[in-house]
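>>> I need the structure of the sequence given here:
(chains A and B)
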Amino acid sequence: MNSSRKSAFTLIEVLVSLAISGVLILILNNLITNSIFTDAKIQDQLEYRLKIESLLAHIDADIHSASYKSDGNKSVKIEFSEDRLRLYLKRFGTSPSSQQIIGFEAIWTFDSAGVSRSVNSSEGTHTRVLSDTVISAKLENLTPTIIKLTLVDKTFTKSKMFKL
Amino acid sequence: MRKDGFIFIELLLALAISAIAISLFWQSSNNRIRMLSILEEKYAFSRLSADATIIRASGESINIEPSHYFPLRIEQTPSDIKILSEKFKGTVLLK
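Next up is the predicted model:
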């Protein structure tokens, strides 16, 4: 027998340690992957909800700046069908090209394509898609001058009142 | 060339560094989620304040739906809206 050979792990010991390491690596890998995936999902949801909040703030600013009609009410028209909600409002704003104050019509659309805002002015029509996620939108008249817009998604419901 | 392998202290040090790195990653991720959540709460609060102002100005008795202002936790009475969330605790909005 070779007396110079040093004592080392036996095959069984190596196999057992490999098996234990394998199980530990699998468990850790699952835990870390799940946690990263869940974190990313929560962050995406939160960012989407913040986007919807900023959309509501944007609509509020549009309605707030809407011009008045001769009857004293704001120039806001609502068109509601089964799968589409449209808000038409007339207001003034700064032209992005000429930097002049111009009158334009802003059209908010909530439908199966998501949420978009179009601007119709003498300079042309520009449409900007603000969210391509389908969201259900509902509009109720709480009083003759107060409307409530409710946006419903799988994970949240947000509403905002607007004074016309 | 080194033959003896790592000593116990070296292994512990490596483990400690890994643990610190993982906990830093975990914390930064949690902080980001918390920050986004606080931001959403602030948005919800400003939406609720604006809605309360509209209700007050109208003089009508309009009820709000508390779940629409999540993550803000609120309690509604016929005359006011109390905020229960930690950040705005004690705030009362008159209707």
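>>> mind listing the helices for chain B?
For chain B, the helices defined by DSSP state H occupy B:8-58.
>>> give me the low-pLDDT residue ranges for it?
The model of chain B has pLDDT under 70 over residues B:1-3.
>>> which parts of chain A sit against chain B?
A:35, A:39, A:42-43, A:46-47, A:49-50, A:53-54, A:56-57, A:60, A:142-143, A:145-146, A:150, A:156-163 (CB under 8 Å from any CB of the partner chain). For the C-beta atoms, the positions are set from N, CA and C on the backbone; glycine is no exception.
>>> just the buried members of the residues you listed?
A:39, A:46, A:49-50, A:53, A:56, A:60, A:142-143, A:145-146, A:156, A:158-163 (16 or more other CB atoms under 10 Å in any protein chain shown).
>>> okay, now residue 82: neighbour count?
By default, I'm working from chain A. As a burial measure, A:Glu82 scores 5 neighbours (other CB atoms under 10 Å in any protein chain shown).
>>> sorry, I should have been clearer: chain B.
Neighbours around B:Lys82, by other CB under 10 Å: 15.
>>> pretty sure it sits against B:Glu75.
Yes - using CB atoms under 8 Å, B:Lys82 is in contact with B:Glu75, at 4.5 Å.
>>> re earlier: narrow the residues of chain A next to chain B to those in helices?
A:35, A:39, A:42-43, A:46-47, A:49-50, A:53-54, A:56-57, A:60.
>>> which residues sit against stretch A:27-47?
The contact list for stretch A:27-47 (CB atoms under 8 Å, 6 or more residues apart in numbering or on different chains) reads A:Thr155, B:Trp26, B:Ser29, B:Arg32, B:Ile33, B:Leu36, B:Ser37, B:Glu40.
>>> any chance of those residues in TSV, plus distance to A:Arg84?
Output for these, formatted as TSV (distance: CB to CB, whole Å):
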residue	distance to A:Arg84
A:Thr155	22
B:Trp26	44
B:Ser29	38
B:Arg32	35
B:Ile33	34
B:Leu36	30
B:Ser37	32
B:Glu40	27
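>>> between these, which is nearest B:Glu86?
Closest approach between the contacts of stretch A:27-47 and B:Glu86, by CB to CB: B:Ser37, at 11.3 Å.
>>> just flag the most distant two among the ones in helices among the residues of chain A next to chain B.
A:Ser35 and A:Asp60 (37.2 Å).
>>> ok so, going back, and which of the contacts of stretch A:27-47 is nearest B:Lys87?
Nearest to B:Lys87, judged by CB to CB, of the contacts of stretch A:27-47 is B:Ser37 at 10.0 Å.
>>> wait, the closest one sits on B:Leu72?
No - taking contacts as CB under 8 Å, B:Ser37 lies outside contact range of B:Leu72: 10.7 Å.
>>> quick one: which of these two has more around it?
Each of B:Ser37 and B:Leu72 has its neighbours counted (other CB under 10 Å); B:Leu72 has more, 21 against 15.
>>> which of the three states applies to A:Val16?
Under DSSP: H, G, I helix; E, B strand; the rest coil, the three-state class of A:Val16 is helix.
>>> check what pLDDT it gets.
For A:Val16, the pLDDT comes out at 92.
>>> quick one: contacts for the spatially most central residue of chain A?
With distances taken as CA atoms, centre = their mean, A:Tyr48 lies nearest the centre of chain A, 3.1 Å away. Neighbour list for A:Tyr48: A:Ser131, A:Thr133, A:Asp153 [criterion: CB under 8 Å, 6+ apart].
>>> relative to chain B, which of those is nearest.
Checking the contacts of A:Tyr48 against chain B by CB to the nearest CB gives A:Asp153 as the nearest, at 11.7 Å.
>>> phi, psi for that closest one please.
With angles defined as degrees, to the nearest 10, A:Asp153 sits at phi -120, psi 180.
>>> which pLDDT does the model give it?
89.
>>> surely it touches A:Ile52?
Yes - taking contacts as CB under 8 Å, A:Asp153 lies within contact range of A:Ile52: 7.5 Å.
>>> and for these two, which residues touch both?
By CB under 8 Å, 6+ apart, the residues touching both A:Asp153 and A:Ile52 are A:Ile135.
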